[in-house]
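Student: Here is my input; please provide its structure:
(one chain, ligands or ions: 2)
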Amino acid sequence: MIQLVKGTKDIYGAEVKAWQEIEGKMRRLCETFGIGEIRTPAFEFTELFVRGVGETTDIVQKEMYTFTDDGDRSLTLRPEGTAGAVRAYIEHGMHNQAQPTKLYYISPTFRCENTQAGRQRQFHQFGIEILGTYSAAQDAEVISVATALLEEMGIKGVELRINSLGCPECRARYNKTLKEFIGKNLDKLCDTCKERFEKNPLRVLDCKEEGCQAIIADAPSVLDCLDEECTAHFEKVQAILKENGIPFTVDPKIVRGLDYYTRTVFEFVFDGLTVCGGGRYDMLVEECGGKPTGAVGFGLGIERLMMILEKLNGPLADAPERDVYIGSMGEAGLMRAQALTFALRKSGVKADCDTVERSVKAQMKYANKIGAKYSVILGDSELESGKVQLKEMETGEAEEVAVADLVEILKEKCGK
Ligand code: ATP
Ligand code: MG
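Tutor: Ligands and ions are numbered 1, 2, ... in the order given. Next up, the predicted model:
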């Protein structure tokens with residue numbers, strides 16, 4: 001038997017219903033915020049992610065699913081959603097439309113990581129990307145989307161942490177300060193960080209190795225390196241969050257997993273696991289070949305959201321639900337049951353009938369299992385008299401109705 005690939009999951013039954021519900025909430029929420037959906041391809045040219053995510057990131061250095069196609073082009077399965085959205089924004093001239101452009105996606109995402117709790121190789125991200133504004137108000141609005149979603153899902157205990165990495169100049173200043181600080185302990189860093197130390201010392205703050213964590217514990221704060229404008233921007237984000245009643249803490253250690261962030265970065269953390277991470281990326285559109293464009297967004301792991309929900313609400317229970325089961329006995333009954341069920345379904349009633357040709361007893365057992373609210377059994381005598389017993393499954397109470405009126409009666413009972 002061929003099994004599924006390590007780090008991937010089948011989603012079905014009660015779980016897929018929960019997913020549909022959450023996805024529905026995400027879509028409705030985006031609609032109220034004026035954010036439209038974008039569906040980009042599952043793979044892009046590798047170069048897009050190398051440029052868009054950054055050469056010194058974990059994603060590009062270790063986690064991408066990269067392959068060569070028949071035209072000898074290097075392609076990569078989407079390891080995050082921002083780069084594809086930015087490519088599409090530029091490619092389709094979206095900057096010519098009313099700005100900002102507000103996009104969201106719900107997509108499978110691929111990273112070749114060691115699998116463990118909260119870490120898969122194919123997972124799903126709900127992300128939003130707002131392009132065409134440099135204002136702090138947009139940073140706050142983006143954060144408020146994630147806040148509203150968590151609130152609507154009744155999730156409490158998620159902590160919002162924010163930070164600012166400043167503009168490229170502030171960043172350069174901080175990288176220099178950090179380099180001086182880390183330089184004293186260079187020999188204690190992991191090999192990847194030794195490399196990062198040269199190219200992008202900021203990345204060391206995001207390393208998950210304990211040794212590196214210990215070294216950067218007392219690192220100088222990036223916030224002390226921000227210039228006046230970047231400080232003002234960060235303060236404005238905080239002021240708007242306060243105005244909106246969104247609680248947060250400032251954490252100068254947050255740099256996020258992607259290289260392209262400027263100014264505001266943030267994450268939502270539950271039980272030590274990041275469920276949502278994002279920030280402003282004012283250099284990325286230009287980096288990918290577009291005009292200089294302010295932009296901000298986040299990516300939220302749907303599997304991690306599910307983990308939180310399960311922790312808070314317990315395991316998902318399968319609660320099947322059908323409006324009516326049209327049972328039958330004999331050939332003529334089966335024929336009529338099929339036609340009635342089809343008519344009911346076309347009217348929006350969740351109807352089922354026997355497609356296994358089981359005994360009546362087995363059919364009723366099945367009707368119970370699928371959670372049917374009503375049931376009938378059509379046999380020769382019902383067809384002859386034109387009358388059938390319509391039974392309410394929970395109470396066992398039955399009323400006699402005309403077979404000819406069955407569709408109308410059930411439509412009414414089911415509010416269709
Ligand atoms: P982490 O620090 O946990 O590795 P990250 O910095 O790689 O996260 P992002 O690239 O910002 O995360 O991705 C956004 C979100 O996607 C994460 O907050 C998380 O919820 C989810 N995510 C990232 N990698 C995985 C994975 N391998 N499996 C499941 N969800 C993931
Ligand atoms: Mg990661």
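Student: Could you use CA atoms for every contact and neighbour count after this?
Tutor: Fine.
Student: three-state assignment of the closest residue in space to residue 263 that isn't next to it in sequence?
Tutor: Spatially, and ignoring its direct neighbours in sequence, residue 263 is nearest to residue 166 (4.0 Å; CA to CA, 6 or more residues apart in numbering). Three-state secondary structure (criterion: DSSP: H, G, I helix; E, B strand; the rest coil) places residue 166 in coil.
Student: can you tell me how far residue 166 sits from ligand 1?
Tutor: Separation of residue 166 from ligand 1 (CA to the nearest ligand atom, to the nearest Å) stands at 18 Å.
Student: give the contact list for that residue.
Tutor: Residues in contact with residue 166 (CA atoms under 8 Å, 6 or more residues apart in numbering) are 226, 227, 230, 231, 262, 263, 264.
Student: again, only this time at 7 Å
Tutor: Residue 166 makes contact with 226, 230, 262, 263, according to CA atoms under 7 Å, 6 or more residues apart in numbering.
Student: pLDDT wise, what is the residue of the stretch 1-150 of the chain found nearest ligand 1 at?
Tutor: Ligand 1 sits closest to residue 119 of the stretch 1-150 of the chain, with a gap of 3.4 Å, by CA to the nearest ligand atom. For residue 119, the model assigns a pLDDT of 93.
Student: ok, which residues in this protein are in contact with ligand 1?
Tutor: Contacts of the chain with ligand 1, taken as CA under 6 Å from any ligand atom, map to 111, 118-121, 123, 125, 256-257, 274-277, 299-301, 304.
Student: swap the cut-off to 8 Å and go again
Tutor: With CA under 8 Å from any ligand atom as the criterion, the chain meets ligand 1 at residues 58-59, 79-80, 110-113, 115, 118-125, 206, 208, 256-258, 267-268, 273-278, 298-305.
Student: Among those residues, which are located in helices?
Tutor: Using DSSP state H, the members of the residues of the chain next to ligand 1 that fall within helices are 58, 302, 303, 304, 305.
Student: Spell out the residue ranges of the strands in the stretch 201-350 of the chain.
Tutor: Secondary structure of the stretch 201-350 of the chain (DSSP state E, counting those that start in this stretch): strands at 249-250, 262-270, 273-280, 295-301, 322-328.
Student: Identify whichever of those strands lies nearest to residue 158.
Tutor: strand 262-270 (4.8 Å; CA to CA).
Student: Mind giving me the packing neighbours of that closest one?
Tutor: Judged by 3 or more CA pairs under 7 Å, 6 or more residues apart in numbering; DSSP states H and E, the packing partners of strand 262-270 are strand 159-164, strand 273-280.
Student: Which neighbours in the sheet does that strand have, and how are they oriented?
Tutor: Next to strand 262-270 in the sheet, as set by DSSP bridges, lie strand 159-164 (antiparallel), strand 273-280 (antiparallel).
Student: a markdown table please, covering those strands and showing mean pLDDT.
Tutor: Output for the strands paired with strand 262-270, formatted as a markdown table (pLDDT from 0 to 100):
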| stretch | mean pLDDT |
| --- | --- |
| strand 159-164 | 98 |
| strand 273-280 | 95 |
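Student: Buried ones in stretch 44-58, by neighbour count?
Tutor: 44-46, 48-58 (16 or more other CA atoms under 10 Å).
Student: What's the end-to-end length of it?
Tutor: Stretch 44-58 has its terminal residues 18 Å apart, counting by CA to CA, to the nearest Å.
Student: And the strands in the stretch 1-150 of the chain, which stretches?
Tutor: 36-37, 43-45, 66-68, 74-77, 101-110, 122-131.
Student: Now for residue 197, how many residues are close by?
Tutor: 21 (other CA atoms under 10 Å).
Student: Report all helices and strands that the helix or strand hosting it contacts.
Tutor: Residue 197 belongs to helix 191-199 when assigned by DSSP states H and E. Packing contacts for helix 191-199, counted by 3+ CA pairs under 7 Å, 6+ apart, involve no helix or strand.
Student: how near is the residue nearest the centre of the chain to residue 384?
Tutor: Most central in the chain under CA atoms, centre = their mean is residue 126, positioned 2.8 Å from the mean C-alpha point. According to CA to CA, residue 126 and residue 384 sit 56 Å apart.
Student: try residue 299
Tutor: Separation of residue 299 from residue 384 (CA to CA): 62 Å.
Student: same deal with residue 229?
Tutor: 85 Å.
Student: quick one: which of the two has more around it?
Tutor: Using other CA under 10 Å, the more surrounded residue of residue 229 and residue 384 is residue 229, with 11 against 8.
Student: Check the gap between that one and residue 253 for me.
Tutor: In this view, residue 229 and residue 253 are 20 Å apart by CA to CA.
Student: Which helix runs longest in the protein?
Tutor: Per DSSP H, the chain has its longest helix at helix 13-33.
Student: Could I have the CA atoms of it written out in CSV?
Tutor: Output of helix 13-33 as CSV, limited to C-alpha atoms (Å, rounded to 0.1, in the frame of the first residue of the first chain):
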residue,chain,number,x,y,z
GLY,A,13,-14.9,14.2,7.7
ALA,A,14,-15.5,16.5,10.7
GLU,A,15,-12.1,18.2,10.0
VAL,A,16,-12.9,19.3,6.5
LYS,A,17,-16.2,20.8,7.8
ALA,A,18,-14.3,22.8,10.4
TRP,A,19,-11.9,23.9,7.6
GLN,A,20,-14.8,25.0,5.4
GLU,A,21,-16.3,27.0,8.3
ILE,A,22,-13.0,28.8,9.0
GLU,A,23,-12.4,29.5,5.4
GLY,A,24,-15.9,30.9,5.1
LYS,A,25,-15.1,33.2,8.1
MET,A,26,-11.9,34.3,6.4
ARG,A,27,-13.6,35.1,3.1
ARG,A,28,-16.5,37.0,4.8
LEU,A,29,-14.1,39.0,6.9
CYS,A,30,-12.0,39.9,3.9
GLU,A,31,-15.2,41.0,2.1
THR,A,32,-16.1,43.4,4.9
PHE,A,33,-12.5,44.8,4.8
